[in-house]
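**Student:** Coordinates only, no sequence provided:
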């Protein structure tokens, strides 16, 4: 796909995030929208997956370690053809396949159950290790939040990945700068993020605008060419990206839009398209 | 009587992993810097390419094992019970239990019989923790023969399993020629009519000794070995309780949430009879030689006998 085509898809993904969190009257739109462009690139350009055969053993794996961005993952998966887009309206409803946080047993295309921060990245390390151990060649991608870096387990995982030279693993940090209690600097900063991953043996790629498709493409292309070490892409993003009243607003971390806000958000995204 | 051979169930586990390694190549073994103690070091020596040491990082251990299992393989993950079930509880619950992944947790050094290391390392709460996780299978083997069979059963079973293993070498009393392990099925070790003694782990041997002593006093005790604490053999326990009318449970674990609680859950619904729980009362352990500790906390034949007598006395 061209970058323009990917931008168009990303815009549709954003609509799915708004639709899902509105229908759920809850969820995490801010951190879903910051990660939308990266997720779109992964599923529509980077990763080798088969929507018609979600369990295909040769697929690349993705682990949403920041599991609360589930609305964005579900929206991408739906648009990629893993399940109907209309199903996003069932997000967080009783009986839905779309749980508040991803569960691999419920949702086609979800490779790992996540939601408790810090655990997904270790699981991704396990997957990358398995792919190498059994010589299967597929790659593993993992998306972390910047607030999530406060979890000690992230660094346990990073230490192991670095020491084992897992160059089939790409960890992306969605650095939108905000967590529930405030900015990451106010709460307990994990900065400098790039230096930390480098110290743990990663090749670090700094992605100046993680909401820009051309730059995202450059970063993942460079990651694919890297050998001998795992890659960390530190992506500067905007929380709530694409919906004016959510952008950069910490209070949009964990709530759904009401009816008026839904209308406004969808109108903005429709103009974008 | 010939001297009974003594083997720690952690050794049985380590040796069985090596056997399984020769038979299957679809699993790996992970440890967290305790391979020499948990006995996964035996597998490491035999199959160095199939063994991964994550270092002193039990949370990472469990979640990496989950990631490996998510690719359709089996991962054995070992540490001490304290750090496996305790420290990594939430990783086990959310990344292994909830997605029902094929991770087999081989947790050694469970219970008071850790001995000299003391309270920080004596995990008397792991059965309670693991039992509370939906879909988790919890196995507490009583001797070498059972531990070997349980390790194989864990490998073959589709889903997460917690294997509770001991540091202390204990008598081998099951006959490997006739012993049969069926997941979720208790074993009547001795039939009786006056009281049912339900035990797991090293307390099975103590229960058999207690039954001998009670027999000398004219009390007929039925001894049931519940190696699978979850899913528990409710039918067997309820049937025996209906016959004997009283139950004593025995475990090297807290009386809160372990085998005793699991048995009481069954009896409360199916056959309410008086119960005494022999286990660690709501306290921490202390440092000391394992056997002395077990005696001090009443986790031996003497403790069981007096619990049975106490139960009989209330009639």
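**Tutor:** Happy to help now that I have it. For clarity, every value in this text was computed on a predicted model and none was experimentally measured.

**Student:** mind listing what residue B:119 touches?
**Tutor:** The contact partners of residue B:119, taken as C-beta atoms under 8 Å, 6 or more residues apart in numbering or on different chains, are B:284, B:285, B:286, B:287. Glycine gets a C-beta too; all of them are placed from N, C-alpha and C.

**Student:** I'd assumed residue B:116 was in contact with the second one.
**Tutor:** No - distance between residue B:285 and residue B:116: 10.6 Å, which falls outside the contact criterion (C-beta atoms under 8 Å).

**Student:** what two of the contacts of residue B:119 are the furthest from one another?
**Tutor:** Spatially, the most separated pair among the contacts of residue B:119 is B:284 and B:287, at 10.8 Å (C-beta to C-beta).

**Student:** what's around the residue of the stretch 51-200 of chain B found nearest chain A, how many residues?
**Tutor:** Closest to chain A within the stretch 51-200 of chain B is residue B:67: 2.3 Å, counting by C-beta to the nearest C-beta. Neighbourhood size, residue B:67 [other C-beta atoms under 10 Å in any protein chain shown]: 32.

**Student:** Let me see the contact set for it.
**Tutor:** Applying C-beta under 8 Å, 6+ apart, we find residue B:67 in contact with A:63, A:112, A:122, A:123, A:124, A:125, A:126, A:127, A:128, A:129, A:130.

**Student:** Determine the three-state secondary structure at the fifth one.
**Tutor:** In terms of secondary structure, residue A:124 is helix; the call rests on DSSP: H, G, I helix; E, B strand; the rest coil.

**Student:** In space, what's closest to it - neighbours in sequence excluded?
**Tutor:** Nearest residue to residue A:124, sequence neighbours excluded (C-beta to C-beta, 6 or more residues apart in numbering or on different chains): residue A:142, at 3.7 Å.

**Student:** Name the SS class of that neighbour, please.
**Tutor:** Classification of residue A:142 using three-state DSSP returns strand.

**Student:** Which strands or helices does the helix or strand containing residue B:45 pack on?
**Tutor:** For residue B:45, the element it lies in under DSSP states H and E is helix B:41-46. If you count contacts as 3 or more C-beta pairs under 8 Å, 6 or more residues apart in numbering or on different chains; DSSP states H and E, helix B:41-46 packs onto helix B:9-23, strand B:27-31, strand B:51-53.

**Student:** Name the residues of the first one that come out as buried.
**Tutor:** Think helix B:9-23. The neighbour-count check on helix B:9-23 (16 or more other C-beta atoms under 10 Å in any protein chain shown) flags B:9, B:10, B:11, B:12, B:13, B:14, B:15, B:16, B:17, B:18, B:20, B:21 as buried.

**Student:** What is the nearest of those to residue B:203?
**Tutor:** In terms of C-beta to C-beta, no member of those lies closer to residue B:203 than residue B:9, at 12.7 Å.

**Student:** Quick check: closest non-adjacent residue to the residue in chain A that chain B sits nearest to.
**Tutor:** Going by C-beta to the nearest C-beta, chain B is nearest to residue A:126 of chain A, at 2.3 Å. Closest residue to residue A:126 apart from its sequence neighbours, by C-beta to C-beta, 6+ apart: residue B:67 at 2.3 Å.
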